[in-house]
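Novice: after the sequence you'll find the predicted model.
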Amino acid sequence: MSDQKVISLITDFGFDSPFVGVMKAVIISRSPEIHIVDLFHNVAAYNVDEGGFWLTHSYHYLPKGSIHIAIVDPGVGSVRRILAARYDGHIFLAPDNGLLHQAFGGQQDIEYRELDLPRLSDLLGLPLASATFHGRDIFAPVAAALAAGVCEFEELGNTYSDVTPARIGQVIKIGNEINGAVMSIDHYGNIITNIRGKLLDGHENCTVECSGHRFTIKRTYSDARAGEDIALVNSFGVLEIARAQGRAADRLGVNRGAKVTVRFNKT
Amino acid sequence: MSDQKVISLITDFGFDSPFVGVMKAVIISRSPEIHIVDLFHNVAAYNVDEGGFWLTHSYHYLPKGSIHIAIVDPGVGSVRRILAARYDGHIFLAPDNGLLHQAFGGQQDIEYRELDLPRLSDLLGLPLASATFHGRDIFAPVAAALAAGVCEFEELGNTYSDVTPARIGQVIKIGNEINGAVMSIDHYGNIITNIRGKLLDGHENCTVECSGHRFTIKRTYSDARAGEDIALVNSFGVLEIARAQGRAADRLGVNRGAKVTVRFNKT
Amino acid sequence: MSDQKVISLITDFGFDSPFVGVMKAVIISRSPEIHIVDLFHNVAAYNVDEGGFWLTHSYHYLPKGSIHIAIVDPGVGSVRRILAARYDGHIFLAPDNGLLHQAFGGQQDIEYRELDLPRLSDLLGLPLASATFHGRDIFAPVAAALAAGVCEFEELGNTYSDVTPARIGQVIKIGNEINGAVMSIDHYGNIITNIRGKLLDGHENCTVECSGHRFTIKRTYSDARAGEDIALVNSFGVLEIARAQGRAADRLGVNRGAKVTVRFNKT
């Protein structure tokens, strides 16, 4: 085992601005022996739910002990809190705006701290935080300090329990229906939902509906004819609507946030 | 000399999904002391030929001993094989769909192995592979094992020779004509072909044709007037059609796959 | 303190070509123990001023001793010089086309060298430079040599003073008016100017004008109503025009290079 520490980043900063680069510069300046992994920087702008969704579906590919910065932060500069969370051997830093609740809302064994910024500023020599770029001024140096062992999770601030709820709620299963939502559109135009494939276990015959379209479930893209729209349980274990070698989202006019319904038919 | 191992990545995953990030997370989890180089993630979606083209034109900038993952994989989840190749002191992993043939088709001293997935699953503790994300479930852990010395090239599987041919074939030179194809469009809208500049050596007076347009060959972008379309041998040693400080591909309506003809005129 | 060396990159290469990847491959091949930080690769194509602007606003987040490659290079292949600069404990490499003047034009304690390419080719074993990709053939190996201690700043070439001036000049303050320019549009469509917030100190009541629109100054995005356009001093200390959770640049039709005027009103 290596002691190489990892900081991962999920943001809606994109690569078409130097914001990601500058955050990484701050991390490296304070913790030179770090591995930084860009998990995802193209969360749709301000889409807190998509950020939380990808955080929960990607963090666990990194080793335990990793520190994950997740920033989708329409309220930056307002009075919103910044939280740290410890769960499953990983540490997470995010604004308290529903992102962490979207990621880990149903978990019992998660521990939250509210960042005590005046104290951390003294302890870590933080710069005077700008009103609009807490990623650089707070998240990056705090993560670097955790990675370098300068500061422990318990020192970040008081425990906290009143976490802001996610805007898109949990998937609901009532009778013969499961109701979920579109969380992300991927590079290929595939439509990714929050409905876990496990919920479909044992139901051979079911129909997926979204934005007025209806789909049947197949195993993989290559089981579809070219241009056919299908539903499948994707590699992250959730229901996805895809078009073989085509862009389902563009073709069907489906956006993030759209309602998705699975109906179990009588067999 | 350093023993720092390098894994490079060429994919059509883009950065607008977390697929690249998750692959890198898997690699780092299994081989922490690795340098990962993102050679290129914006191969046009499903364009196996463009992936192979850039692989052959970029791998050799990394040190011998590097491991290169190249994934453009419209058939993921079907029965297509996964191949490893050893050539020029480098190791390559790619689906058997023409990508490696596009990259190295004309080479004699290349050695192929077909990944023996059941055996590698045991040896390396691979997860049960998803039907749609072999980059994460197979390519990343196998490359990490090679980099970490856990597994040798010879252990990957049996030798293999029946490599799937590329869709876009070799450049053909007949009489006074060379026929090739557009392989890529770059960030500046330059049109990049598979016609090596060496084929033009000794021919002072030649004409380039593509999509009904005709071009003369100059040495560099700065030899053209603003807005003029020219052909030149680019920095990768292949013929390129460019517009000085403009976007030739957009202006001329040229796409990947278009035919390109060079005519040697009598002098 | 760690001795980990850092090379940062600012270019207009984008990620939709393998140019950045290949440059990093060359750096790693020559200096394996390096940290490469992608500060920014989406400078608008050929926009030398935006490149210089972001260089000056981002380099100092990296440790002293870092080496910064900044390439926006419409004249690549022509006779334009390549410069190295030493300033504030950092080293910079860029084409002599106004980029460094835009970044550091007003500074006294900056030292320039003109790269002596024939000599460096011998000393470092540079490849025969292509006409169109000096990033790979010159900038990357020279930066790697500096990082690895193979070559010192003083050995790069003769001192140089006749630096090419920037196209977009310094901000001018005359009477009650400050005149500047739009330097960049960020990922959120925010309009970023070269007018430093310090110039506004002590002026409570001022108006910002750009492309026929007028704005008032607020502290942060969250002080604006949804859809309201505001001006604020952003996290890089310069005046920015923004729309709360919207895209100001698209909505207002403002592009890079547009004139920006601040008027101090009588109070």
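Specialist: Arrived safely.

Novice: number of residues surrounding the residue nearest to residue A:82 when sequence neighbours are not counted?
Specialist: Spatial nearest neighbour of residue A:82, excluding adjacent residues (C-beta to C-beta, 6 or more residues apart in numbering or on different chains): residue A:115 at 4.3 Å. In short, each C-beta sits where N, CA and C put it, glycine included. Using other C-beta atoms under 10 Å in any protein chain shown, residue A:115 has 22 neighbouring residues.

Novice: correct me if wrong: residue A:233 contacts residue A:200.
Specialist: Yes - counting by C-beta atoms under 8 Å, residue A:233 touches residue A:200, with 7.0 Å between them.

Novice: and residue A:155, backbone torsions?
Specialist: phi -90, psi 0 (degrees, to the nearest 10).

Novice: relative to chain B, how far out is it?
Specialist: 26 Å (C-beta to the nearest C-beta, to the nearest Å).

Novice: how about the residues of the stretch 1-150 of chain A by chain B?
Specialist: A:2, A:4, A:6, A:8, A:10, A:15, A:35, A:37-42, A:54, A:57-58, A:61-63 (C-beta under 8 Å from any C-beta of the partner chain).

Novice: which element is residue A:202 on?
Specialist: For residue A:202, there is no helix or strand it lies in under DSSP states H and E.

Novice: what sits closest to residue A:85 if chain neighbours are left out?
Specialist: residue A:92 (4.4 Å).

Novice: wasn't the one you found part of a helix?
Specialist: No - read with DSSP: H, G, I helix; E, B strand; the rest coil, residue A:92 is strand and lies in no helix.

Novice: contacts only, for it.
Specialist: Going by C-beta atoms under 8 Å, 6 or more residues apart in numbering or on different chains, residue A:92 touches A:55, A:59, A:67, A:68, A:70, A:84, A:85, A:86, A:100, A:103, A:104.

Novice: before we move on, what about residue A:98?
Specialist: By C-beta under 8 Å, 6+ apart, the neighbours of residue A:98 are A:48, A:49, A:52, A:164, A:165, A:166, A:167.

Novice: residue A:64 versus the third one, what's the distance?
Specialist: It stands for residue A:52. 20 Å (C-beta to C-beta, to the nearest Å).

Novice: of these two, which one has the most company?
Specialist: residue A:52 (29 against 9).

Novice: any idea how far residue A:58 is from that one?
Specialist: 11 Å.

Novice: quickly list what's touching both of those two.
Specialist: With C-beta under 8 Å, 6+ apart as the test, residue A:52 and residue A:58 reach no residue in common.

Novice: chain C contacts on the stretch 101-250 of chain A?
Specialist: So far as C-beta under 8 Å from any C-beta goes, the stretch 101-250 of chain A lies against chain C at A:130, A:131, A:132, A:133, A:136, A:137.

Novice: how about those, which pair is most distant?
Specialist: Using C-beta to C-beta, the pair of these lying farthest apart is A:131 and A:136, separated by 12.1 Å.

Novice: what touches both of the two?
Specialist: residue C:235.

Novice: these two: which has the busier surroundings?
Specialist: Taking neighbours as other C-beta under 10 Å, residue A:131 and residue A:136 compare with residue A:136 leading, 23 against 19.

Novice: about what we covered before: nearest to residue B:143 among the contacts of residue A:92?
Specialist: Using C-beta to C-beta, those come closest to residue B:143 at residue A:59, 21.4 Å.

Novice: that closest one touches residue A:93, doesn't it?
Specialist: No - between residue A:59 and residue A:93 there is no contact under C-beta under 8 Å: 11.8 Å.

Novice: list residues touching both of the two?
Specialist: Shared contacts of residue A:59 and residue A:93, counting by C-beta under 8 Å, 6+ apart, come down to residue A:68.

Novice: neighbour count winner among residue A:233 and residue A:200?
Specialist: Just comparing residue A:233 and residue A:200: by other C-beta under 10 Å the higher neighbour count belongs to residue A:233, 23 against 18.

Novice: what's the distance between the more buried one and residue B:131?
Specialist: 9 Å.

Novice: and if you look at residue A:11?
Specialist: According to C-beta to C-beta, residue A:11 and residue B:131 sit 29 Å apart.

Novice: now do the same contact list for residue A:207.
Specialist: Residue A:207 neighbours (C-beta under 8 Å, 6+ apart): A:214, A:215, A:216, A:262, A:263, A:265.

Novice: next: residue A:237.
Specialist: A:57, A:196, A:197, A:198.

Novice: which phi and psi does it have?
Specialist: Here residue A:237 shows phi and psi, under degrees, to the nearest 10, equal to phi 80, psi 10.
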